[in-house]
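*Asks:* The sequence and its predicted three-dimensional model are supplied below.
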Amino acid sequence: MSIEVKNLTKFYGEQAAVHDISFTINKGEIVGFLGPNGAGKSTTMKIITGFIPSTSGEVKVCGSIVDLDNLETRQKIGYLPENNPLYLDMYVREYLEFVGKIYKIKNLKQRVDEMIQQVGLELEQNKQIGTLSKGYRQRVGLAQAIIHDPEVLILDEPTSGLDPNQLVEIRELIKKIGKEKTVMLSTHIMQEVKAICDRVIIIKRGNIVADDLAENLQHEENMQVVYVEFDKEISKNQLNKIAGVSKVQGLENANTWLIESTNPEDLRKAIAAFAQKNDLLTLTIRKEEKTLEEVFKELTK
């Protein structure tokens, strides 16, 4: 396992920011760590990276126990905090060289060149960081997080402040990095989770309320919802007679419906058979799924 979190708890005074959480992340996984503000995301990430201590529990990165003084684990971790602290008076290239020297990177100039190209800072490399837009500062932050080629990458809101074009580029970069490394990222952008992440962990008030593949979270077990539009009007009572139907909801007109079933058989087949029997034409028929936003709201409200 690249990241192992076991019975992790963190108190600030009498307030539990994280309460007895456990999870593991394998090498090559990109995991979205989601939750509302104040849920414990940043606290958990800071403990994993060794920036703050836990109250109890254990965290391992690549088999080594994380603590405040463990330089071995810090060598294996790349970290981009939410507030992205940078030395604004330094120039981009100068700053990356400074970070590289801390990690004692060999062939430093070549590595800095690679990072500048990888995150798209070619035109900004000789500019002062303080003059850069928020989006380009994020790129500098990402470059410093991966300059030492870490095995684990922890990203707290990595695409905050990026324009749509930059967003796509950074997403692709994170996906590329994730093929060889372990990536854990927090975000409030659900489209980002669907585009990047293999798995989703949702935390609420310091407790994990979900840990699964994104597509699994969007499909309730044994629950089907089908959107159907007929060419003629039909009554709700007639639709309730379809085998296995548990709920029928009318939409904008008497031809369009949402039909639910807990029957394991494909509901669309039963609807098609019903339409044929009643001399109806199905203009549209498709399975509906909950959006990640809806799942997130249900689990964290």
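*Replies:* Sure, I can see it.

*Asks:* So for the one helix or strand Ser246 maps to, mean pLDDT?
*Replies:* Counting by DSSP states H and E, the element that carries Ser246 is strand 245-250. For strand 245-250, the mean pLDDT works out to 89.

*Asks:* Quick one: name whatever helix or strand follows it.
*Replies:* strand 256-261.

*Asks:* buried residues in the strand holding Ser246?
*Replies:* Neighbour-count burial for strand 245-250 flags 245, 248 (criterion: 16 or more other CB atoms under 10 Å). To be clear about C-beta, it is placed using only N, CA and C from the backbone, and glycine gets the same treatment.

*Asks:* Just read off the phi/psi values of the residue sitting nearest the centre point of the chain.
*Replies:* Nearest to the centroid of the C-alpha atoms of the chain, with distances taken as CA atoms, centre = their mean, sits Gly32, at 2.6 Å. With angles defined as degrees, to the nearest 10, Gly32 sits at phi -90, psi 130.

*Asks:* That one and Ala195 touch, don't they?
*Replies:* No: using CB atoms under 8 Å, Gly32 is not in contact with Ala195, being 10.2 Å away.

*Asks:* shared neighbours, the two?
*Replies:* Common contact partners of Gly32 and Ala195 (CB atoms under 8 Å, 6 or more residues apart in numbering): none.

*Asks:* Which residues does stretch 286-301 contact?
*Replies:* Stretch 286-301 has contacts (CB under 8 Å, 6+ apart) with 34-36, 39, 190, 193-194, 200, 202, 204, 209-210, 214, 217-220, 224-227, 258, 267-268.

*Asks:* That stretch spans what distance, first to last residue?
*Replies:* Stretch 286-301 has an end-to-end distance of 29 Å (criterion: CA to CA, to the nearest Å).

*Asks:* Pull out the buried positions in that stretch.
*Replies:* Across stretch 286-301, burial judged by 16+ other CB under 10 Å covers 290, 292, 295-296, 300.

*Asks:* Let me have the residues you listed in a markdown table, extended by pLDDT, distance to Thr182 and secondary structure.
*Replies:* Shown next, in a markdown table, are the buried residues of stretch 286-301 (pLDDT from 0 to 100; distance: CB to CB, whole Å; DSSP: H, G, I helix; E, B strand; the rest coil):
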| residue | pLDDT | distance to Thr182 | secondary structure |
| --- | --- | --- | --- |
| Lys290 | 73 | 28 | coil |
| Leu292 | 82 | 22 | helix |
| Val295 | 82 | 24 | helix |
| Phe296 | 84 | 23 | helix |
| Thr300 | 87 | 25 | helix |
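
*Asks:* Filter the contacts of stretch 286-301 down to the ones in strands?
*Replies:* Those of the contacts of stretch 286-301 mapping onto strands are 34, 200, 202, 204, 209-210, 224-227, 258, per DSSP state E.
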